[in-house]
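> quick one, structure for this:
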Amino acid sequence: MSAVADYKIVRNSTVGSELTEEKAKLLAAKLGVRQLKDGELLVKEGEADQTLFILAAGQLAVTSKDAEGVEQSVYTMKEGECAGTRAFVEQSPRKATLRSVGPSTVYTLKPADFETLLDAHPRLAFKVMRALFRVTHANLSRMNRETQELANYITKTQGRY
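As a prediction, this is how the structure comes out:
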């Protein structure tokens, strides 16, 4: 992969699903590119880094510490997915650790770089923010569904357990 973000990959990501070729090129120009080796840490839980990540190639393991401080697997990201929406929008510390599974390429977007698009390309900024909302909403819906399934399992209701 190149040191320049590929606008086609951006368009095929969860962040770029609504973008035209022209808008995807504008966004790609703002993205950094990180090449990671197997097991390499991208970001650690608790860090103040507010960068948004788009997985361009490979896989990323998402882990988080449990109540006892033991790192637990949460999810394995696939190409085109993004991570760090909450930290990016809220400017808050990371809630999970991201580590490369095999070699991977990650596009990065810093809040300051994104903010340069607000005045010059407000429709682009709006479409990116709408995509981030959809990603966050999908994650919240999945977590609510999993919580309900767990509650049903514990109370032995609404299913065969």
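> max-length helix in the protein?
Taking DSSP state H as the assignment, the helix of the chain that covers the most residues is helix 122-155.
> what packs against that one?
Packing contacts for helix 122-155, counted by 3 or more Cβ pairs under 8 Å, 6 or more residues apart in numbering; DSSP states H and E, involve helix 21-30, helix 85-90, helix 111-120. All C-beta spots, glycine's among them, are computed from the backbone N, C-alpha and C.
> of those helices, which shows the lowest average pLDDT?
Mean pLDDT values for the helices and strands packed on helix 122-155 show the minimum at helix 85-90, a mean of 90.
> for this structure, give me the ranges with low pLDDT.
The model of the chain has pLDDT under 70 over residues 1-2, 137, 139-141, 143, 158-161.
> the spatially most central residue of it: what's it in contact with?
Geometric centre of the chain, nearest residue: Ala83, 1.4 Å, by Cα atoms, centre = their mean. With contacts taken as Cβ atoms under 8 Å, 6 or more residues apart in numbering, Ala83 has the following neighbours: Leu52, Phe53, Leu55, Leu60, Val62, Met77, Ala96, Leu98.
> could you give the bridge partners of it?
Beta bridges link Ala83 to Phe53, judged by DSSP bridges.
> any idea how far it lies from Asp119?
As for Ala83, its distance to Asp119 is 27 Å (criterion: Cβ to Cβ, to the nearest Å).
> do the same with Glu47
Here the criterion is Cβ to Cβ. By it, Glu47 lies 29 Å from Asp119.
> alpha carbons only: can I get stretch 121-130 in CSV?
Extracted C-alpha coordinates of stretch 121-130, given in CSV (Å, rounded to 0.1, in the frame of the first residue of the first chain):
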residue,chain,number,x,y,z
HIS,A,121,-16.5,21.6,2.2
PRO,A,122,-19.4,21.7,4.7
ARG,A,123,-21.4,19.0,2.8
LEU,A,124,-18.4,16.6,2.9
ALA,A,125,-18.0,17.3,6.7
PHE,A,126,-21.8,16.7,7.2
LYS,A,127,-21.7,13.4,5.3
VAL,A,128,-18.7,12.2,7.3
MET,A,129,-20.4,13.1,10.6
ARG,A,130,-23.6,11.4,9.5
